[in-house]
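> Okay, here's the prediction I keep looking at, along with the sequence it came from:
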Amino acid sequence: MSEHERNILVTSALPYANGDLHLGHMVEYLQTDIWVRFQKMRGHRCIFVCATDTHGTPIMLRAQKEGIAPEDLIARVGEVMSKDFSDFLVDFDNFHSTHSQENRELVETMYLRLRDAGHIRSEVIKQAFDEQENMFLPDRFVRGECPRCGAADQYGDSCESCGATYSPGDLKNPVSVLSGTPPSERESEHFFFRLGDFEEMLREWVSSGRLHESVSRKLEEWFDAGLKDWDISRDAPYFGFEIPDQPGKYFYVWLDAPVGYQASFLNLCKRRDDLDFDEFWGRDSKAELYHFIGKDIVYFHSLFWPAVLTGANYRTPTAVFAHGFLTVNGQKMSKSRGTFITARTYLDHLDPEYLRYYYASKLGAGIDDIDLNLEDFTARVNSDLVGKLVNIASRCAGFISKRFDGQLSDELMDPALFAEFTQASEGIAQAYESREFARAMREIMALADKANQFIDTHKPWVMAKDPEQLHAVQAVCTQGLNMFRVLMGFLKPVLPGIAQRAEEFLATGDMNWDSVSSPLLGTKIETFKPLAVRVDPQSVNAMVDASREDLKTSEKTKPMDPIADEIDINTFASVDLRVARIVNAQQVEGAEKLLQLTLDIGGETRNVFAGIKAAYDPETLIGRLTVMVANLKPRKMRFGLSEGMVLAAGPGGADIFILSPDEGAEPGMRIK
RNA sequence: GGUGAUGUAGCUCAGACGGUUAGAGCGACGGACUCAUAACCCGUAGGUCGGUGGUUCAAUUCCACCCAUCACCA
């Protein structure tokens, strides 16, 4: 394989400096890091840059709330993130910040080039304004009733209940999230990027294999709907960069964030003589440029970004790689279930390489979500990494150390089998290259099975009892260790730490992609020490518990719902609460949030629609006891008559908890 | 509401440009072994491939509709 050396610049999406990194974020950084390490192992020049995304209203407000300057907030968050990344063995060539001199200059340059080329226009628009806080409100900062379905407390841009999209002005009874007062509407001049100027260029760019097929299909929507101009300005007060010659107007965070990729790279260029900014970003750059992103920000990276780059006379990305989201135990991460796990909480309990391997074993090139099933995680890491892979070294090392003073044989016992391993190299490399990590892991583990079978067939522990066969024992174990070494080389992008310990154990030096194809013969190895220990399920449980505890402490700081007005005992007694057995629970066709429950309250059964679909699987409800309001006036709903109400607590969505009586309660018993 | 993606053994996932007995790992069960971090090896059981309808000699694979889950709607 004498592939020419490639020049590659890679980015991960910039994490927003307003909170902790969690295991969902890590999917992307680990995916990118594995890919970059693979490229470096292949001998290519591959530069991996990232930065904190630091601008916008949420960061400004959070800093205000903490009583510190936004600069101090983003500096602090940046340091925490940087530590999280390095502890997860994410090896950026540079981790910078969008609030940097480089970024300011690049954004200004970009804007001026776009403006001078006629791609910017201005328009006076109406926007929600908080009179008390004296600032314009982003859509998400206005809440009110959905104009279509009337659902209460919805965001200003879309309704979570019926899915309608609209603008904040359409909401009924809107209030500002900041002050709780109804917003007024004010006019303001905004600047727009004429995206439509780039339609032809974008159509060509999108359809030339730079995006996964499912992503380009999704983008067809935008072209079909017609490309709209993009609002790139925001009014003061805003934490960001002021637009040149437009006092009080700031660049929208989504304009300067991707420029942060360039800024981070430029910052690196200043410190490295071998890198030239224009070689990678110039219009005629021959270098490859890849952005790894989540599927939620495909639009920004595959329409705005290539258009803005083109308009400002830069090159466009070679490809944009979008990945799916993370679920934990099959569901959205949930703080109450303890599955909203921060990067730090994970690191406090478990080895980062286990997550790297687990993600790798599930990642493909597409935008499918991946699931972190914690039981599967434990089983898979223990079985694959410890039981299969490390076991090969572990079961061979003892013989070589004790019987042969660490000396390997001078030749391979089964060169054909070894060749089978090395010949898998290109297929596995191809899988890494195309980000089919799961396929690569499967192939590697299939080889690990072969290695174990080989040892099992030749039974060195039997031969070791016969002095005449000692030579064969050495040969079997030498073969085994060499197969292990090849596999460890293949896994080095995923498991850099374990690979390094294996290099030390085998005394083999720094392995690259090709070097492992030449077997290690006649040399001495070091004493074997466990390269990886098994995942203790207790640690996984402790991590989940700690994630729940994080919630407890954070909730203490939240104001409690105010206690309602005092009532007397008679008022309470007028509510007839009964123990009920859920005899049936099922989905309601066409309902977004409801489950249909059939409740047995002793003498009779009731039909109740409960808004708990996001929180409960109907199967698990059947048979259990709960508490219902039995004398609530029946309510006619779109799906039928609801004859009562099940008692539950919680903020809503997946965080709803229905009540259960203690053991011994019977359906129909009154609660008093 | 619109658009895209996903739905295959208990769990996590492969796969099939339509065609003989639909695969893997884990888990379960049985056996063998004892070199190895109770690891490893051999074997068995497990699926009407989300549902309904259509096209076809033939569909889990193509088409339509429906249901569920995820995402996006600038």
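It's in.
> number of nearby residues for the closest residue to RNA strand B within the stretch 251-400 of chain A?
Closest approach between the stretch 251-400 of chain A and RNA strand B, counting by C-beta to the nearest atom of the strand: A:G387, at 2.8 Å. For every residue, glycine as well, the C-beta is placed using N, CA and C. Using other C-beta atoms under 10 Å, A:G387 has 14 other residues around it.
> That one and A:T181: what is the separation?
62 Å (C-beta to C-beta, to the nearest Å).
> gap between the closest residue to A:F454 other than its chain neighbours and A:M483?
Among residues not flanking A:F454 along the chain, A:L417 sits closest, at 6.3 Å (C-beta to C-beta, 6 or more residues apart in numbering). Computed as C-beta to C-beta, the A:L417 to A:M483 distance reads 7 Å.
> where do the contact lists of the two overlap?
A:K450, A:F454 (C-beta atoms under 8 Å, 6 or more residues apart in numbering).
> Would you mind listing the residues in contact with whichever residue of the stretch 1-150 of chain A sits closest to RNA strand B?
Residue nearest to RNA strand B within the stretch 1-150 of chain A: A:D139 (7.8 Å; C-beta to the nearest atom of the strand). A:D139 makes contacts with A:A128, A:Y155, A:G156, A:D157, A:S167, A:P168, as judged by C-beta under 8 Å, 6+ apart.
> Now the buried members of those residues.
Buried members of these, counted by 16 or more other C-beta atoms under 10 Å: A:A128, A:Y155, A:G156, A:D157, A:P168.
> filter the residues you listed by proximity to RNA strand B?
A:D157 (C-beta under 7 Å from any atom of the strand).
> A:L178 - nearest residue in space that isn't next to it in sequence?
Nearest one to A:L178, counting by C-beta to C-beta, 6+ apart, is A:E133 at 4.9 Å.
> Any stretches of the stretch 151-300 of chain A with poor pLDDT?
For the stretch 151-300 of chain A, residues meeting the criterion pLDDT under 70 lie at A:160-164.
> phi, psi of A:Y616?
Phi and psi for A:Y616, reported as degrees, to the nearest 10, are phi -130, psi 140.
> residues touching it, list them.
Going by C-beta under 8 Å, 6+ apart, A:Y616 touches A:A585, A:L595, A:I656, A:I658.
> I'd like to know how many residues surround the second one.
The number of residues packed near A:L595 is 23, by other C-beta under 10 Å.
> Name whatever forms a beta bridge with it.
Applying DSSP bridges to A:L595 gives these bridge partners: A:Q587, A:A610.
> Hmm, A:I428 is touching A:K492, no?
No: A:I428 is beyond contact range of A:K492, at 11.5 Å (criterion: C-beta atoms under 8 Å).
> what would the contacts of A:Y616 look like in a markdown table with pLDDT?
Output for these, formatted as a markdown table (pLDDT from 0 to 100):
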| residue | pLDDT |
| --- | --- |
| A:A585 | 79 |
| A:L595 | 80 |
| A:I656 | 75 |
| A:I658 | 83 |
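> Around RNA strand B, which positions in the stretch 401-550 of chain A sit nearby?
Counting by C-beta under 7 Å from any atom of the strand, the residues of the stretch 401-550 of chain A lying close to RNA strand B are A:438-439, A:442, A:445-446, A:449, A:452-453, A:455-456, A:459-462, A:530-534.
> re the thing from before, what two of the contacts of A:D139 have the greatest distance between them?
The most widely separated members of the contacts of A:D139 are A:A128 and A:Y155, with 12.0 Å between them, by C-beta to C-beta.
> Show me whatever sits in contact with both of the two.
Counting by C-beta under 8 Å, 6+ apart, the residues touching both A:A128 and A:Y155 are A:D139, A:V142.
> quick one, helices of the stretch 201-350 of chain A?
Here the stretch 201-350 of chain A has its helices, by DSSP state H, counting those that start in this stretch, at A:213-225, A:253-271, A:277-281, A:298-299, A:305-311, A:343-349.
> Including mean neighbour count and distance to A:R143, could these go into a markdown table?
As requested, the helices of the stretch 201-350 of chain A are exported to a markdown table (neighbours: other C-beta atoms under 10 Å; distance: least, C-beta to C-beta, whole Å):
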| stretch | mean neighbour count | distance to A:R143 |
| --- | --- | --- |
| helix A:213-225 | 13 | 27 |
| helix A:253-271 | 23 | 21 |
| helix A:277-281 | 17 | 41 |
| helix A:298-299 | 18 | 24 |
| helix A:305-311 | 22 | 31 |
| helix A:343-349 | 19 | 30 |
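> Quick check: which element contains the closest residue to RNA strand B within the stretch 401-550 of chain A?
Residue nearest to RNA strand B within the stretch 401-550 of chain A (C-beta to the nearest atom of the strand): A:W461, separated by 3.0 Å. Here A:W461 sits within helix A:460-463, counting by DSSP states H and E.
> Could you look up the next helix or strand downstream of that helix?
Past helix A:460-463, the next helix or strand by DSSP H and E is helix A:470-491.
> Now do the helix or strand just after that next one: which elements does it pack against?
Counting by DSSP H and E, the next helix or strand C-terminal to helix A:470-491 is helix A:496-506. Here helix A:496-506 touches helix A:352-360, helix A:391-404, helix A:470-491, going by 3 or more C-beta pairs under 8 Å, 6 or more residues apart in numbering; DSSP states H and E.
> Could you export the ones you listed as a markdown table, including mean pLDDT and mean neighbour count?
Formatted as a markdown table, those follow (pLDDT from 0 to 100; neighbours: other C-beta atoms under 10 Å):
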| stretch | mean pLDDT | mean neighbour count |
| --- | --- | --- |
| helix A:352-360 | 95 | 23 |
| helix A:391-404 | 95 | 19 |
| helix A:470-491 | 96 | 24 |
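> Dump the helices of the stretch 201-350 of chain A into JSON lines; add distance to RNA strand B as well.
JSON lines is the format used below for the helices of the stretch 201-350 of chain A (distance: least, C-beta to the nearest atom of the strand, whole Å):
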{"stretch": "helix A:213-225", "distance to RNA strand B": "3"}
{"stretch": "helix A:253-271", "distance to RNA strand B": "8"}
{"stretch": "helix A:277-281", "distance to RNA strand B": "24"}
{"stretch": "helix A:298-299", "distance to RNA strand B": "6"}
{"stretch": "helix A:305-311", "distance to RNA strand B": "10"}
{"stretch": "helix A:343-349", "distance to RNA strand B": "17"}
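> I'm done for today, thanks for sticking with me.
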